[in-house]
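>>> whatever this is, show me its structure:
(one chain, ligands or ions: 1)
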Amino acid sequence: MSNEESRRGFLKKAGAAGALAVFATTNIGKIAEAVTPSEQIEARGSELDSDTKVVNTTCLGCDARCGVRVQANNDQITRIQGNPYSPQNMGFDPIPYSTPHAESLKVAGQVCLKGASGAHYNYDPLRIVAPLKRNGPRGADKWKVISWDELLKEVVEGGKLFSDIGEDRHIEGFKSVRSSDLLDPQQPELGTKSNQVSMIYGGGGGQEPRPTFSKRWLSSYGSVNYSDHSDICQLPWYFGQLFGTDFKSDNYRPDYDSVRYVIALGICVFEGAKPGLLGVTSKTVERVANGDMKVVYVNPKAPKTQLAKWVPIQPGRDVSLVMGMIQWIMANNRFNKKHLENTSKQAAEKDGELCWSSATYLVAPSLRRFVRASDLGLGDKEYIVVDPATGTLVANDKVDAGTLEYTGKLTINGEEVVVKTGFQIFKDLANEQTPDEWSKQSNVPLETIVELAKEFTSYGNQAATDSYRGMDQPNGSYMNWAIFMLNTLIGSVGVKGGLIKTGGGFNFKTGKYDLAMVKGAPKGGGVRIDRNEFKYEDTSVYKNKVAKGENPYPANLPWFPLTKGRGSYTQALMGIDQKYPYPIKIVISYFMDAIANVAGGQRYIETFTDPDKIPLHIACMTQYGTQTKYADYIVPDFTYLDGQYYTGGYHWSPMMATPVRTPVVESASKGISFEKFLIDVAKAVGMPGYGSNGIPTKDGNQVSLDSADDYAAYACANLALNAKLPDAKQEEISFVEKNYLCAPHFKKVLEAGDWKKVCYLLARGGVFEPKEQIFNEKGHHKYSPALLLTFYNEQLATMINPGTGKPYHDLPRQQLMGRDFFDRSLDEVAGAEHSFNLVSSRHGAMAFARSHNFYWATEIVPENFVELNIDEAESLNIKDGDMVRVSSPYLKEGSVGKAKVSNLISKGVVFIYHSYGRYNSPGSQEWTVEGGADKAVQGFTLGSERNNLLFDPKLVKAGVVEGNKVKADPRRGKGLSGNELGSVWEWDGKTIISSDIVSGGGNFYYHKVKVEKI
Ligand code: SF4
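Model (predicted):
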């Protein structure tokens, strides 16, 4: 051996030894190895080892729905990477959809740390694998394993279900609760007794086709009570956009592919974002680094990057910043005049524009509505504008352009009223304060406000705003409306480089198979327990009170008539708690942890422990956590890697995209899942739409619905057929049939021709539209509708706040900051000692309570901190690492955590990453199982090939089971929970969860707290 060879060999060995040393002394090396793109698959091409499988599927580490390529060896998941067909995993520049599957194996897409850690979720030692029944009072952590048949019999038939532990209560089962009799003949609008079953869906788990499957089940049962998690994620964000589009459209974000300038308020595209890190994040990093776009981040906490300019702000004050910008934009004529002057769709079309606005329409503010042509004898429902050529009032369809600035008087129905154009209303609103006052109210220097306004209007319509959960506060809907108006002013809504609506997903619900409809379902209907989509003023209670001359206000609880199909599980639980407008008898909670995930959610412990409020609670979940703790029965479930299908869109995407999820490995729950539970209950109760002939087909036939696999097979066939996919080539069909666990069943239930198209879909992990097709020659976005953008919203202006009996505020005013349903100041209610505002958002490595199961992710970010501004910390004598107590009027003993002080937090703010702490971590509490805990959870054995690969014993600290005990894992539940400090408001003598006052959406940015060193 030459010296050179020897040196090279030495270096090679030394390098290997170095790597080994890193692996031996820290887990980071192991994590880095796991998340680094692999060449293994690439080297093998499509000729994979006989014991190696590769499945393109969809992640559920958070709710972003990234495509993942999962590798399994000997039926054990060994590696998770990004699916390169999936735009979200490739910075929205995926490999062409037509790329043969074998070719695709040469490219690995991005995946985040949680996504790469997915196997830990699947193989979590604490995963529940058997049906469980409470064996002590609710919340006592005592359980026993029961058989599937026992579970079904008990929940369907009811009876004295807990007499064996001394509870004499008779509990109604699904069979007896189901009834087409009216709940209350005096209140027919409430619907039938079947509405007393309420299904509550948690965030992230509620992914298609399960929500459609579940709503279908409820429809077959006869209940309207499906409530999802939109309130704790984004309802105020949706609402702000609904206010700005006359309640026609929402789910808009910047076109990150070509936008030049973005002001992001309360959403950090470099961190938790909406939700998940991929796609938008990598595109933004690349474009900002290249100087192609600029991002300004307005938030109480700085971004963890210098790629964005940070504008610190205090909660609730964003509206002052935005109104200051609008004032400057209007005063300096920096708005898109031509765009705003258009009076109608036709006028906009002539200008090559997609949207038009009510900037020129006359409004009578005292009547809280637009002036109509019929008011002046000029027509019917048309709006009235001022013709700039003649100065006369005309119907909006008579001229293409209207006057923007106008104030006058008109006689309407014999009353003289002041009228203004929509533009004038906003201008007057913006001028209610001087520039200095906006600066003072927002705590943002005036020069910064002017700079933002100038920059935002310097790119034509190639600028946009982004906002999200940081606007989840009591005035959130209004703030989001003001933010949306910035886009309206420059004409960027719906255009390339502007603000565009999500492309959504391809249709899986209908087509060849009708997966939403149930033949023979009860008529159903009625008021939902979350009081969504129904007006209090339409209830019998209200009408009777009015008839008797009584004041009908306040209502027993808030009502949310404008939610447009969105859900609100916090409000559902408040309704259940107050038995308002009717009592619920059975709660099915699915993947939901309201106690942990809602700010102030500990209020629900009282609800869940009271059998009078919830007589029967069945929780479906993969891990034991705060929600399951208070259930009567626990139904185990598939994970996203072993059986939970997916056929919906991304959380947000500029193009149409449907990543599909199918199982990679056999399920630890041995076939037990949420679908199995619902199907078996349906069959036992005798509900229509299940078993043979359960699903109607387009050609008038029926096919059977007996399993989740059936439903997913039909959903995939609908997708493939609706998207007009080609037949897969034989090589890809063979690949799918060899690698995909669902293949035998799908092939059996689908027609042969359809199966070939479904193979094309499965081999690519979904169906993804090329981004080249999403803008037309005018630059209009295919999925952003042509619509009226509203400077004044009649529906909002005329809606009555059930707390006060007065109309809701008609415009986004600063005075709405930090006020509750009764218009009380939250600062005053909390008192001066609670001078800080508590703010929370997600860490990029932590999405939900269940993120604690992702060992690699939690190894990197094991706990959270109480983050404070350095100057304020100093005045409180708090240094980095000190233990501090954060308390609120609602949790006087407070929560204790480690301080982190920096100048990266706004003054007056305490920041705590959510999803940490005692309430938040499935597995952080000990529980017992009569007859042996090993029968209840998956368990963990070191030494097996799989476990050695995935789990470092140092990471899996729990001994897992010991006799009847499922032991707590001290790694989980570290840090503290900000949510438990969350405010709870008084409402007519009772306490309710604080929320956005119009939408009922969660409040995560306005909770008054006190901080002290301990
Ligand atoms: S961002 Fe969310 S969905 Fe995407 S890989 Fe990470 S955890 Fe999975």
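
>>> strands of the stretch 1-150 of the chain, residue ranges please.
With DSSP state E, counting those that start in this stretch as the criterion, the stretch 1-150 of the chain has strands at 52-58, 67-73, 76-82, 132-134, 142-145.

>>> got the end-to-end distance for stretch 69-89?
End-to-end distance of stretch 69-89: 10 Å, with Cα to Cα, to the nearest Å as the criterion.

>>> tell me which residues in it are buried?
By 16 or more other Cβ atoms under 10 Å, the buried positions in stretch 69-89 come out as 69-73, 76-89. C-betas here are computed from N, CA, C, even on glycine.

>>> try stretch 861-879
By 16+ other Cβ under 10 Å, the buried positions in stretch 861-879 come out as 861, 864-869, 872-873, 876, 878.

>>> quick one: low-confidence ranges for the chain?
For the chain, residues meeting the criterion pLDDT under 70 lie at 1-50, 203-205, 272, 274-277, 849, 918-922, 941-959.

>>> let's see that with 50 instead.
The chain contains residues with pLDDT under 50 at 1-27, 37-47, 958.

>>> now the stretch 801-950 of the chain against the ligand: closest residue?
residue 847 (6.1 Å; Cβ to the nearest ligand atom).

>>> which one is that residue nearest to, not counting chain neighbours?
residue 62 (3.4 Å; Cβ to Cβ, 6 or more residues apart in numbering).

>>> swap in residue 576?
Excluding the flanking residues, the one nearest residue 576 by Cβ to Cβ, 6+ apart is residue 584, at 4.8 Å.

>>> so that neighbour belongs to a strand, correct?
No: counting by DSSP: H, G, I helix; E, B strand; the rest coil, residue 584 falls outside a strand, being coil.

>>> count the residues that sit near it.
24 (other Cβ atoms under 10 Å).

>>> redo the strands of the stretch 1-150 of the chain as a markdown table? Include distance to residue 288.
Output for the strands of the stretch 1-150 of the chain, formatted as a markdown table (distance: least, Cβ to Cβ, whole Å):
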| stretch | distance to residue 288 |
| --- | --- |
| strand 52-58 | 28 |
| strand 67-73 | 24 |
| strand 76-82 | 21 |
| strand 132-134 | 49 |
| strand 142-145 | 51 |
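
>>> need these in CSV with distance to the ligand, can you?
Putting the strands of the stretch 1-150 of the chain into CSV (distance: least, Cβ to the nearest ligand atom, whole Å) gives the following:
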stretch, distance to the ligand
strand 52-58, 8
strand 67-73, 6
strand 76-82, 7
strand 132-134, 28
strand 142-145, 30
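
>>> ok, which of these comes nearest residue 574?
The closest of these to residue 574 is strand 132-134. By Cβ to Cβ, the value is 23.9 Å.

>>> just checking, what packs against the closest one?
strand 142-145, helix 148-157, strand 633-635 (3 or more Cβ pairs under 8 Å, 6 or more residues apart in numbering; DSSP states H and E).

>>> direction included, what does that strand pair against?
With DSSP bridges as the test, strand 132-134 is paired with strand 142-145 (antiparallel), strand 633-635 (antiparallel).

>>> tabulate these (CSV), appending mean neighbour count.
Shown next, in CSV, are the strands paired with strand 132-134 (neighbours: other Cβ atoms under 10 Å):
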stretch, mean neighbour count
strand 142-145, 21
strand 633-635, 26
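
>>> which stretches of the stretch 451-600 of the chain form helices?
476-490, 540-547, 569-578, 594-597 (DSSP state H, counting those that start in this stretch).

>>> comparing the ones you listed, which comes out most buried?
helix 476-490 (a mean of 29; mean count of other Cβ atoms under 10 Å).

>>> who's in contact with the closest residue to residue 926 other than its chain neighbours?
Of all residues not flanking residue 926 in the chain, residue 968 sits nearest, at 4.5 Å (Cβ to Cβ, 6+ apart). By Cβ atoms under 8 Å, 6 or more residues apart in numbering, the contact set of residue 968 is 923-926, 958.

>>> you'd agree residue 915 is up against residue 842?
Yes: if you go by Cβ atoms under 8 Å, residue 915 and residue 842 touch, sitting 6.6 Å apart.

>>> need the contact partners of the strand or helix carrying residue 734.
Element membership of residue 734, judged by DSSP states H and E, is helix 730-739. Residues outside helix 730-739 that contact it (Cβ under 8 Å, 6+ apart): 46, 48, 53-55, 100-102, 728, 743-744, 747, 755-756, 759-760, 762-763.

>>> show me what the following helix or strand past it is packed up against.
Helices and strands here follow DSSP H and E; after helix 730-739, the next one along the chain is helix 743-749. Secondary-structure packing of helix 743-749 (3+ Cβ pairs under 8 Å, 6+ apart): helix 708-722, helix 730-739, helix 752-763.

>>> helix 743-749: how far from the chain's middle?
Distance of helix 743-749 from its chain centroid, counting by Cα atoms, centre = their mean, to the nearest Å, is 32 Å.

>>> same check on stretch 102-119?
23 Å.

>>> swap in stretch 488-508?
Distance of stretch 488-508 from the chain centroid (Cα atoms, centre = their mean) equals 19 Å.

>>> what does stretch 917-933 give?
Worked out by Cα atoms, centre = their mean, stretch 917-933 lies 27 Å from the chain centre.

>>> so which residues on this structure come close to the ligand?
For the chain, the residues in contact with the ligand (Cβ under 6 Å from any ligand atom) are 59, 61-62, 64-66, 111-112, 114-115, 276-278.

>>> apply 5 Å and report the result again.
Within the chain, the positions near the ligand by Cβ under 5 Å from any ligand atom are 59, 61-62, 64, 66, 111-112, 114-115, 276.

>>> sort out for me which of these are in helices.
Judged by DSSP state H, those include 114-115 as members of helices.
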